[in-house]
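[1] Below is the sequence, then the predicted model.
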Amino acid sequence: MLLIILESPYSENIDENAIYARACVRDSLLRGEAPIASHLLYTQPGVLNDTIITERMHGIDAGLAWLKVATLHVVYTDLGITPEMQCGIYAAAANGVKTEYRTLKIVNDPRRISCYRGYFEMTSQNNSYSDILHSSYQIRSAEHIGFSIIVHVTYPAVSGFEKDKILVFEGLTPSEIYSWNQLNPHFLSENAALVASFVPSPMGLRLAQCFCNARNGVVPR
């Protein structure tokens, strides 16, 4: 079995993220791997309190200590990449451990997660309504980094946290994206070029740039 460090979001939307993390652990085990998911292990009651920043950082450091013996560093990206996960990406690169990015093809909307049964069971949704929302979009900026492209997109017909997105695509050109009839920000099988999503803020853009640099083999010094 390969010894792997498994990364997924945790610190926000903890209930939904914990469900997702367990699904990622299951996916890894069924691949014949032996994963350690420190964000699930160390945050159990009576271990570390993730709401206390010093204890959270202690847990992150303890999880990254496994890089000394891990064969692979795996990042599950369906729900985006957090700053803590980005630290893990940098640490893996600095220790010469390969990072592999995976997706369970789960729609990036925790409100649609109904329960955990092996993977996720998603509630039914009217696809035509979703298509209408995503067919009206405005690209505010596009930045190429190697084979990656960062797109800041706004959906005028959408409200709340889904209105603005910073998305990372691979294997595409800006002209291809501008020519689309709709731009779906969710991680679906027909949207395989989408590899990451970040909060639409200056920090989110910076994290997206760091993510693309890591994907393209640029290691920070």
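    Yes, it's here. Numbers count the residues shown, from 1 in each chain.

[2] any idea how far the residue sitting furthest away from the middle of the chain is from residue 158?
    Relative to the centre of the chain, and counting by Cα atoms, centre = their mean, the farthest-placed residue is residue 46 at 27.7 Å. Distance from residue 46 to residue 158, counting by Cβ to Cβ, to the nearest Å: 41 Å. C-beta here means a position set from N, CA and C on the backbone, and glycine is covered the same way.

[3] so who does the closest residue to residue 95 other than its chain neighbours touch?
    In space, not counting the residues next to it along the chain, residue 95 is nearest to residue 67; the distance is 4.5 Å by Cβ to Cβ, 6 or more residues apart in numbering. For residue 67, the set of contacting residues under the criterion of Cβ atoms under 8 Å, 6 or more residues apart in numbering consists of 5, 73, 91-92, 95, 97.

[4] Would you indicate which residues of the helix or strand residue 209 falls within are buried?
    Counting by DSSP states H and E, the element that carries residue 209 is helix 202-215. If you call a residue buried by 16 or more other Cβ atoms under 10 Å, then helix 202-215 has these buried ones: 204-205, 207-215.

[5] can you redo these as CSV with pLDDT?
    As requested, these are exported to CSV (pLDDT from 0 to 100):
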residue, pLDDT
204, 82
205, 87
207, 84
208, 86
209, 87
210, 84
211, 84
212, 86
213, 85
214, 82
215, 79
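
[6] Switch the residues you listed over to a markdown table; also include distance to residue 11.
    Formatted as a markdown table, the entries for the buried residues of helix 202-215 read as follows, by distance: Cβ to Cβ, whole Å:
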| residue | distance to residue 11 |
| --- | --- |
| 204 | 15 |
| 205 | 20 |
| 207 | 14 |
| 208 | 18 |
| 209 | 21 |
| 210 | 18 |
| 211 | 17 |
| 212 | 23 |
| 213 | 23 |
| 214 | 20 |
| 215 | 23 |
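
[7] Let me know the pLDDT of the residue nearest to residue 95.
    Looking at residue 67, its pLDDT is 90.

[8] So it belongs to a helix, correct?
    Yes: the secondary structure assignment for residue 67 places it in a helix, going by DSSP: H, G, I helix; E, B strand; the rest coil.

[9] State the distance from it to residue 60.
    12 Å.

[10] same check, this time on residue 170
    Using Cβ to Cβ, one obtains 27 Å as the distance from residue 170 to residue 60.

[11] can you check residue 94 too?
    With distances defined as Cβ to Cβ, the gap from residue 94 to residue 60 amounts to 14 Å.

[12] Give me the more crowded residue out of the two.
    Neighbours of residue 94 and residue 60, each counted by other Cβ atoms under 10 Å, are more numerous for residue 60; the result is 20 against 13.

[13] Surely the more buried one is in contact with residue 38?
    Yes: assessed by Cβ atoms under 8 Å, residue 60 is found in contact with residue 38 at 7.5 Å.

[14] any idea which helix or strand comes after the helix or strand harbouring residue 62?
    In this assignment (DSSP H and E), residue 62 forms part of helix 53-64. Next helix or strand after helix 53-64 toward the C-terminus (DSSP H and E): strand 72-76.
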